[in-house]
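Student: sequence first, then the predicted structure, then my questions.
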Amino acid sequence: AVAGLLAHGDFREAPYYRDFSLREVYFPSNWTTIGDNAFYGATSVEKMTFGKNSVIKSFGRNAFRECGLTEVVLPASLETLGESLFSYSETLKSVRFEAGSALKTVSSRAFSNCANLETVELPETVTEIGSSAFYYCVSLTEINFPASVEKVEAYAFCNCSSLAVLDIPENSNLKPLGNS
């Protein structure tokens, strides 16, 4: 586990970049940031956990790209998902957010090419889904939009060939899509 290696409450550099012996990552409660490319390509990372009452605010671009994670539960304090955060993480099957999530935007390509992603539970706070956010998530069968979603960018669900249900509530804040 990675714990207590940095003194400033964040993880900006990537000393474990492509360390193929690393299996589990634990982020202490006081860490606020995971930087760009921190675990990019660390296919051996199967599990990540966060300390109780985590204050982590942001994950940088490509922070967990091409990781071996299968299930992710993201802390409520998380406000920012970096672009391509989990893209090409082919073993990822499930993404959930803790109750009371602060997340507003699912960033561009956040989950693109996660071919085995089956389940995503979007928090009620999300207002925007970025371009290609779920591009080529061919195992994704259902998405339930929270009423708070106002904007869905281009190609957000492109090539999601198994997507059978896109549930948009009647009280949705979603703006019209396409040309007006």
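Tutor: On my side now, so go ahead. Numbers count the residues shown, from 1 in each chain.
Student: name the residues of stretch 132-151 that come out as buried.
Tutor: The neighbour-count check on stretch 132-151 (16 or more other CB atoms under 10 Å) flags 132-137, 139-140, 143, 145-146, 148-149 as buried. (C-beta placed from N, C-alpha, C; glycine too.)
Student: how many residues are close by the closest residue to Cys137 other than its chain neighbours?
Tutor: Leaving out its chain neighbours, the residue that sits closest to Cys137 by CB to CB, 6 or more residues apart in numbering is Leu117, at 4.6 Å. Burial of Leu117 is recorded as 24 neighbouring residues (other CB atoms under 10 Å).
Student: Leu117 and Val95 touch, don't they?
Tutor: Yes. Counting by CB atoms under 8 Å, Leu117 touches Val95, with 7.1 Å between them.
Student: shared neighbours of those two, anything?
Tutor: With contacts taken as CB atoms under 8 Å, 6 or more residues apart in numbering, the residues that reach both Leu117 and Val95 are Phe111.
Student: please verify my assumption that Val45 contacts Arg23.
Tutor: Yes. Contact criterion CB under 8 Å: Val45 and Arg23 qualify, at 6.7 Å.
Student: follow-up on the earlier one: contacting residues around the residue nearest to Cys137?
Tutor: Leu117 touches Leu92, Lys93, Ser94, Val95, Phe111, Phe134, Cys137, Ser139, Leu140, counting by CB under 8 Å, 6+ apart.
Student: how close does it get to Phe39?
Tutor: 18 Å (CB to CB, to the nearest Å).
Student: ok, back up a step: Val45 and Arg23 - which one has more neighbours?
Tutor: Taking Val45 and Arg23 together and counting by other CB under 10 Å, Val45 has the greater number of neighbours (23 against 12).
Student: let me see the contact set for the more buried one.
Tutor: Val45 touches Leu22, Arg23, Glu24, Val25, Phe39, Phe64, Cys67, Gly68, Leu69, counting by CB under 8 Å, 6+ apart.
Student: so which one among these has the lowest pLDDT?
Tutor: Across the contacts of Val45, no position has a lower pLDDT than Leu22, which has 78.
Student: what is the neighbour count of that residue?
Tutor: Neighbours around Leu22, by other CB under 10 Å: 19.
Student: any idea of the mean pLDDT for stretch 113-129?
Tutor: 96.
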